[in-house]
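S.K.: compute the structure for the input listed below.
(one chain, ligands or ions: 1)
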Amino acid sequence: MKSNKIGIMGGTFDPVHIGHLIIAEESRVNFDLDKIIFVPTGEPPHKNLKNVTSAKDRYEMTLLSIMHNPYFYISDIEIKREGLTYTIDTIKYFKKRYPKSEIFFIIGADSLINIDKWKNSEELLRESKFIVAKRVGIEYSLLEERINEINDKYSKIVFSVTTPYIDISSTDIRKRVKNGENIKYYLPLDVEAYIKKNRLYR
Ligand code: NAP
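M.R.: Numbering: from 1, shown residues only. Here you go, the predicted model:
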């Protein structure tokens, strides 16, 4: 029987946008993943909490964004956890919950370059496989070096997926909303409506 493969799409998702959704879907298709679980962060270890929207709003927006994709799921595991949330704990949780599955953590190229600063990074690199999202049109020589280094040490645990170059970021969306600029089609329409209704990022 074919083994079950699960992609874990961790992110602050403040807010989630089509860049995240494209990365998740491309990872699913390219690596034949059976499902993708979106995991909005609770208290991101690397961010000043004062600047991050409530976990409830980020969770709701992420939920709205995945509703039309039958392969996409969401977990509130990091949101429910008290204190700072670390990826190593999340990976251990999913490995325990799905002992027969192969787990892939999906991250952006910039994050992989800095992964040695994450909590228990060596253990994390042993415990999980990673899918790194690269964008077409960007020179990634440093990333290639990093991928090779990690793969030499941990025997092929990093894979990359290339997505179209779409210059959308959560930071940019927050700025646009603050300045009263248009964000239509930057994110799913339901998420745009949620932002308006709840007056986020004003
Ligand atoms: P971030 O530092 O805000 O974002 C890094 C870059 O990657 C941004 O360009 C971001 O785009 C993009 N991105 C975000 N999530 C992505 C994903 N799943 N796949 C591909 N690209 C993604 O990252 P973040 O969202 O806060 O954190 C990403 C994940 O890494 C979270 O699960 C977080 O808990 C984990 N993390 C763990 C540790 C640790 O355990 N010590 C440390 C750092 C991060 P946008 O800005 O548009 O979102």
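S.K.: ok, the helix or strand containing I173 near the ligand or not?
M.R.: Per DSSP states H and E, I173 falls inside helix 170-178. Yes. Using Cβ under 6 Å from any ligand atom, helix 170-178 reaches the ligand at S170, T171. In short, each C-beta sits where N, CA and C put it, glycine included.
S.K.: name the surrounding residues that touch that helix.
M.R.: 12-17, 181-183, 186-187, 195, 200-202 (Cβ atoms under 8 Å, 6 or more residues apart in numbering).
S.K.: let's go with 6 Å and repeat that
M.R.: D14, P15, H17, I183, Y186, Y201 (Cβ atoms under 6 Å, 6 or more residues apart in numbering).
S.K.: most neighbours, which of those?
M.R.: The residue in the contacts of helix 170-178 with the most neighbours, by other Cβ atoms under 10 Å, is P15 (28 neighbours).
S.K.: so how far is the helix holding I173 off the chain centroid?
M.R.: Distance of helix 170-178 from its chain centroid, counting by Cα atoms, centre = their mean, to the nearest Å, is 18 Å.
S.K.: buried ones in it?
M.R.: Residues S170, I173, R174, V177 are the ones in helix 170-178 that count as buried (16 or more other Cβ atoms under 10 Å).
S.K.: out of those, flag the one nearest to K5.
M.R.: Taking Cβ to Cβ as the measure, K5 lies nearest S170 of the buried residues of helix 170-178, at 26.9 Å.
S.K.: pull the number of nearby residues for the closest residue in space to S121 that isn't next to it in sequence.
M.R.: Computed as Cβ to Cβ, 6 or more residues apart in numbering, the closest residue to S121 that is not its neighbour in sequence is I115, at 5.4 Å. Close neighbours of I115, defined as other Cβ under 10 Å, add up to 19.
S.K.: ok, now how distant is I115 from I79?
M.R.: Distance of I115 to I79, given as Cβ to Cβ, to the nearest Å: 22 Å.
S.K.: swap in K134?
M.R.: Distance from K134 to I79, by Cβ to Cβ: 28 Å.
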